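*Asks:* Predicted coordinates and the sequence they were generated for:
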Amino acid sequence: MVCWWSSSPACFRGAYREHIRKKMNIPNVNHYIHAYKIAPWRIQRQWIGNVLLAVVALAMVAALYLNITSRTAIAGREIQDLTYSITVSQQVSGDLQTQLASLTSASAMDHRARELGFRPMETDEMEYLIVPGYSAPQPYILVSAPHLQLSALTIPPQYNQSLLDWMDEKISPSRGQQ
Amino acid sequence: MRQQYARRTQALAAVMGFIAFAIIVQITRIQNSAEADFFRQQAENYAYVLHTFYPDRGEIYDRNGRLLAGNKTVYEIGVDLSTVKDAHAIAFAVSSELGMDYDKMINEIQNPPEGLSYLVIADFIEAQPVLNLQALKKALQDQSPEGTRGGLTGLQFKSHPQRSYPEDALASNIIGFVSREGRGYFGIEEKYDTLLAGNPVRAYVPTDPNKAFEIQRMPDGTTLILTINRDLQAAAEQILDESLLEYGAQGGTIVVMDPRNGELLAIAASRRMDLNQFWNYGVIYDQASEFNPAVSKPYEPGSVTKILTMAAALDSGTVTPATSYLDTGSILVGGATIKNWNQKPWGLQDMTGCLQHSLNVCMATLSSQMGAGSFYSYMDRFGFGQLTGVDMAGEAEGRLKVPGDSDWYPVDLATNSFGQGLTATPIQMLMAVSSVANHGRSVTPHALYAMVRDGRQYNVPAQYAGSPISEQTARTLSAMLSVSLETEGSLALIPGYRVAGKTGTAQIPVNGFYDSTQTNTSFIGWGPVDDPQFMIYVWLERPSASIWGSETTAPIFAKMAKKTVILLDIPPDNIRQQLVTK
């Protein structure tokens, strides 16, 4: 060890250890450590370990990707099925609404009322009561509040983005923002 | 020994590495080969399918939320020619269920046009026959041996919406109809066709589930809420039908409008059609103007126009209600002698008397005193000869000749004052007279109350067409018309309610001359006078029981007004006054 500044503590500790080793006639173990480090079988094992580690990592990534891809595909198929179900439900709803309107049409209601023994009222038969707070009926309000409509396009990207897409976006943020 | 193992291991690793490298090279080569491009192209062909979306056409509701026009599911029945197993079975089943010609159908299936893979054999089929055919197809499939196809394999059903009118013929003249091609004709269906129509859209849909988010959502057509009151409409149609029989009229119209905002509450026409069978249009109507005469058929309205002449005379200061007038029974204007309806003089009258007795000579005198410039200026402000802008298809603008026109003569100044020589539609008359009922402001008649789109409702505000007369004139004239009805003991009066109005009896021009034996009778009235909430126009074409409006349309007005006050919850005047005082 060459110490340019012998007053430094590290240099002092190294010199002190060398002095003790020589004084007590202790053999130098650094030679053994060095031999161990450069043993060929050890380097091979390191290579094998590194390769195995890479293979395991790749396998995990592949499994994760496969898992996400399959789940995405299932979810996509469900979206397709649900879209079809919505269409069918809307058709059924429209049919039922029209049927109900036919059953309660003016002519049908008039016919049923007459069958039940009712007849149209005359003006002189009407009696008016003053009801405090009563307000006259207003035209029909078909929609009282806007419906929130879920759209597939509003789903966050985390739910339909593949791992590769995500990596691509991280690598090229400008592309991901498009 | 160890060195030998090492060499072997290295050799094995090299071989494995080479194989791995070869695999990668081969993958890359395959990915970029010409065959890969071909397969990629093939895959792209199946990645998207062309699909026709049929968005539902917007519905039409009355003001109380009752469905007037909706949609129902019908089916297209077709044959996938590439998968047909038994053409005879398909032809037999479909022809039996739908009552179609078997021979024709089997010929079509067995001899399709060149290159056709899918053959449409019927469309717009109701649900029940299709359900029967679907059940039969399933039963045949279940009966067939495992792994074989059923007898009706290849028979396919595709659903799509079709317009449906649950009220059948009710308000048909207002609504109009939609053809199978999806185009609206007449009335609201034509006027708002673009809004209502959810036009079929052909788009590519991804089959790849990973691209499910690309599936388009086709917005449905806009839903409309009309100002029409279904029950009042039914009552108006019933009253009109009864009146046509009672008075032997060839046709007629009843229109009910809210004079405060122009909302049309009911429009009854004598000819109506079941909108679900729109193909009968040609059988029912001779001319397009007959579909909704209230907006499409101008006619000489006759004495109901005297309201407007008097309004102009009062507003211009030509006369006051108390101005006296000596009726001599005739007046010479532009070289022609104008006479009263009964050809007799009525002596000394005031302006209320002129209206009460519907004196032509008095009106001709007023228009002459006003002068053509002032008179036609008022008629123009009342909207004669102009479209009202009512939101129904096929509106006609009528005709008002004015000085300067090649066919205008000085006598027109006199005849126009009592409703001859000019034409107007009932809707135009309602708009013009609404200024009298509505404090001098005329309203634009309209049938649309609100639109619903994307879950939001947009209400349509009332539109005013101007202020042709002052509020004072309107109030004075309303009182005069009310008094004239009461003094006359008109058949238009209804107990408990003070109404104002005017009859009209107009000779019909035939080949350039007026036919004295045939008339158009009209009545326009509104009430309650102190707070007008309804305005009713009645028009009967050629009534045979009586040629006079006072004996035909006036009682029809009363009948309609009685129904109106019940259905609109309008209490009698004394009750309303109690409410006001409280």
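*Replies:* Received, thanks.

*Asks:* and the helix or strand that B:Gln428 is a member of, average pLDDT?
*Replies:* Secondary structure assignment for B:Gln428, by DSSP states H and E: helix B:426-437. In this model, helix B:426-437 has a mean pLDDT of 96.

*Asks:* Can you find the residue of chain A that comes nearest to chain B?
*Replies:* Of all residues in chain A, the one sitting closest to chain B is A:Gly76 (2.9 Å; C-beta to the nearest C-beta). Every residue, glycine included, has its C-beta placed from N, CA and C.

*Asks:* Over to that residue: give its phi and psi.
*Replies:* Dihedral angles of A:Gly76 (phi, psi; degrees, to the nearest 10) stand at phi -60, psi -40.

*Asks:* Show me the helices in chain A, by range?
*Replies:* Secondary structure of chain A (DSSP state H): helices at A:9-24, A:30-37, A:40-103, A:106-115, A:163-171, A:173-176.

*Asks:* would you turn those helices into TSV with mean pLDDT and mean neighbour count?
*Replies:* Formatted as TSV, the helices of chain A follow (pLDDT from 0 to 100; neighbours: other C-beta atoms under 10 Å in any protein chain shown):
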stretch	mean pLDDT	mean neighbour count
helix A:9-24	74	11
helix A:30-37	78	9
helix A:40-103	89	13
helix A:106-115	95	14
helix A:163-171	76	13
helix A:173-176	54	10
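
*Asks:* For B:Ile427, which of those helices is the nearest?
*Replies:* If you check each of those against B:Ile427 by C-beta to C-beta, helix A:106-115 wins as the nearest, at 23.2 Å.

*Asks:* what about the helix or strand hosting B:Glu35, near chain A?
*Replies:* Using DSSP H and E, B:Glu35 maps to helix B:34-47. No - against chain A, helix B:34-47 shows no contacts by C-beta under 8 Å from any C-beta of the partner chain, the least distance being 13.0 Å.

*Asks:* Partner strands of whichever helix or strand comes after that helix and their direction?
*Replies:* Per DSSP H and E, helix B:34-47 leads on to strand B:48-53 as the next helix or strand towards the C-terminus. Taking DSSP bridges as the criterion, strand B:48-53 forms sheet pairs with strand B:201-206 (antiparallel).

*Asks:* between the partner strand and helix A:40-103, how big is the angle?
*Replies:* 150 degrees (axes from the mean of the first three to the mean of the last three C-alpha atoms, to 10 degrees).

*Asks:* Mind listing residues that contact the very next helix or strand once past strand B:201-206?
*Replies:* Next helix or strand after strand B:201-206 toward the C-terminus (DSSP H and E): strand B:223-226. With contacts defined as C-beta atoms under 8 Å, 6 or more residues apart in numbering or on different chains, strand B:223-226 is touched by A:139-140, A:142, B:58-63, B:65, B:68, B:174, B:188, B:192, B:195-196, B:447-453, B:457.

*Asks:* ChimeraX command for the buried members of the residues you listed?
*Replies:* In ChimeraX, a selection of the buried entries from the contacts of strand B:223-226 looks like this (16 or more other C-beta atoms under 10 Å in any protein chain shown):
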select /A:139,140,142 /B:58,59,60,61,62,63,68,174,188,192,195,196,447,448,449,450,451,452,453,457
